[in-house]
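Engineer: take this sequence and fold it.
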Amino acid sequence: MNNAIASRICSSPTTVIALHCSGSGATQWRKLGEALGSHHSFVAPEHYGCDSTGPWSGERAFTLADEAARTVGIIDAACGKVHLVGHSYGGGVALRAAVERPERIASLTLYEPSAFHLLKAMGTYGVEALSEIVAISKRTADGVSCGDYRGAAASFVDYWSGRGAWDALRPSVQAALTRWAPKAPLDFRALLDERTPASAYTSLRVPALIMRGEHAPVPTRRSPSGCPCCCLGHALQSSRARDTWDRSRTPTRSMRRSRGISPSRKRHIDEAAGERQIVREMPVMRASFH
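Structural biologist: Predicted coordinates for the structure are as follows:
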């Protein structure tokens with residue numbers, strides 16, 4: 001953690017940590033940071049594989065705890081409790097950080113947290129969804145292992161946002177994702193091999209907002225049989241969890257930068273800070289990459 005971040009979080013009574021999805025970066029949260037303004041100290045650390053952090057060291061097998069270590073360090077440096085916000089992979093990282101420091105968490109705001117390890121304990125639905133996520137994980141890893149980073153990134157983007165989504169991206173964005181692609185297999189492995197059971201999340205006795213997209217792929221989509229978000233919602237019930245879903249998410253919208261959701265995330269953080277609870281209809285979610 002650099003000195004500027006340390007100084008900022010130590011001087012503010014309230015800190016918000018926002019964790020981006022795979023293939024994205026801190027700029028994903030620009031609108032949220034603007035919405036929060038000066039009311040909170042806002043930090044958006046970047047994961048391994050981003051230009052600002054560089055690749056994983058390779059000194060051992062990569063885990064979600066390794067990714068969460070940077071966030072845990074920020075939590076430890078904060079003067080008070082922190083609000084954690086996470087999207088997809090960032091949601092998985094947020095959960096890992098939260099179970100490591102449950103007493104330091106003020107609230108959780110998660111959009112489609114990729115808690116894929118929970119699928120293993122979800123019966124028939126879990127088998128179907130797990131098979132799908134393992135398949136895209138293997139396809140991405142195969143592309144990386146043979147040196148086709150661009151092909152791996154294209155497969156990743158088209159899986160999460162629909163066929164043709166990759167071709168619709170600007171060349172500069174394609175280039176950035178191609179540079180990031182070698183990290184993708186590590187993200188999948190970390191999420192799938194995570195060992196935290198659903199029961200462990202009951203220790204997070206904090207306000208929690210969990211959001212889902214109606215048109216997301218099977219592993220994160222609303223289903224009568226459940227999904228990781230449902231499983232988390234049940235585990236967090238004693239923690240005052242609120243679970244809602246976004247009816248308007250579409251594959252084309254999911255490739256845009258996050259804009260519409262920022263007011264709702266801000267509202268949840270403000271309400272959690274004041275220990276108020278309220279359930280509202282969510283606005284359009286315009287996410288970036290998973």
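Engineer: mind listing what residue 191 touches?
Structural biologist: 64, 89, 92, 114-117 (Cβ atoms under 8 Å, 6 or more residues apart in numbering). To be clear about C-beta, it is placed using only N, CA and C from the backbone, and glycine gets the same treatment.
Engineer: all helices for this protein, in order.
Structural biologist: For the chain, helices defined by DSSP state H occupy the ranges 3-10, 30-36, 64-77, 89-100, 123-145, 149-161, 171-180, 184-192, 228-235, 262-273.
Engineer: of the ones you listed, give the one that comes closest to residue 49.
Structural biologist: Closest approach to residue 49 among those (Cβ to Cβ): helix 171-180, 5.2 Å.
Engineer: output the contacting helices and strands for that closest one.
Structural biologist: Using 3 or more Cβ pairs under 8 Å, 6 or more residues apart in numbering; DSSP states H and E, the elements in contact with helix 171-180 are helix 149-161.
Engineer: in stretch 129-149, what counts as buried?
Structural biologist: Buried residues in stretch 129-149, defined by neighbour count with 16 or more other Cβ atoms under 10 Å: 129-130, 133, 136-137, 140-141, 143-144, 149.
Engineer: circling back: switch the helices of the chain over to CSV; also include distance to residue 50 and mean pLDDT.
Structural biologist: Shown next, in CSV, are the helices of the chain (distance: least, Cβ to Cβ, whole Å; pLDDT from 0 to 100):
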stretch, distance to residue 50, mean pLDDT
helix 3-10, 15, 55
helix 30-36, 15, 92
helix 64-77, 11, 96
helix 89-100, 12, 97
helix 123-145, 17, 93
helix 149-161, 14, 96
helix 171-180, 7, 97
helix 184-192, 12, 98
helix 228-235, 24, 66
helix 262-273, 21, 59
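Engineer: closest to residue 106 out of those?
Structural biologist: Shortest separation from residue 106 across the helices of the chain is recorded for helix 262-273, at 5.8 Å, computed as Cβ to Cβ.
Engineer: what about stretch 25-33, how long is it end to end?
Structural biologist: Stretch 25-33 has its terminal residues 13 Å apart, counting by Cα to Cα, to the nearest Å.
Engineer: skipping adjacent residues, who's closest to residue 114 in space?
Structural biologist: Distances taken as Cβ to Cβ, 6 or more residues apart in numbering put residue 92 closest to residue 114, at 4.6 Å, once the chain neighbours are dropped.
Engineer: for residue 213, give its distance to residue 111.
Structural biologist: To residue 111, residue 213 is 8 Å away according to Cβ to Cβ, to the nearest Å.
Engineer: more neighbours: which of the two?
Structural biologist: Per other Cβ atoms under 10 Å, whichever of residue 213 and residue 111 has more neighbours is residue 111, with 27 against 23.
Engineer: quick one: residues contacting the closest residue to residue 61 other than its chain neighbours.
Structural biologist: Distances taken as Cβ to Cβ, 6+ apart put residue 189 closest to residue 61, at 7.8 Å, once the chain neighbours are dropped. Going by Cβ under 8 Å, 6+ apart, residue 189 touches 61-62, 137.
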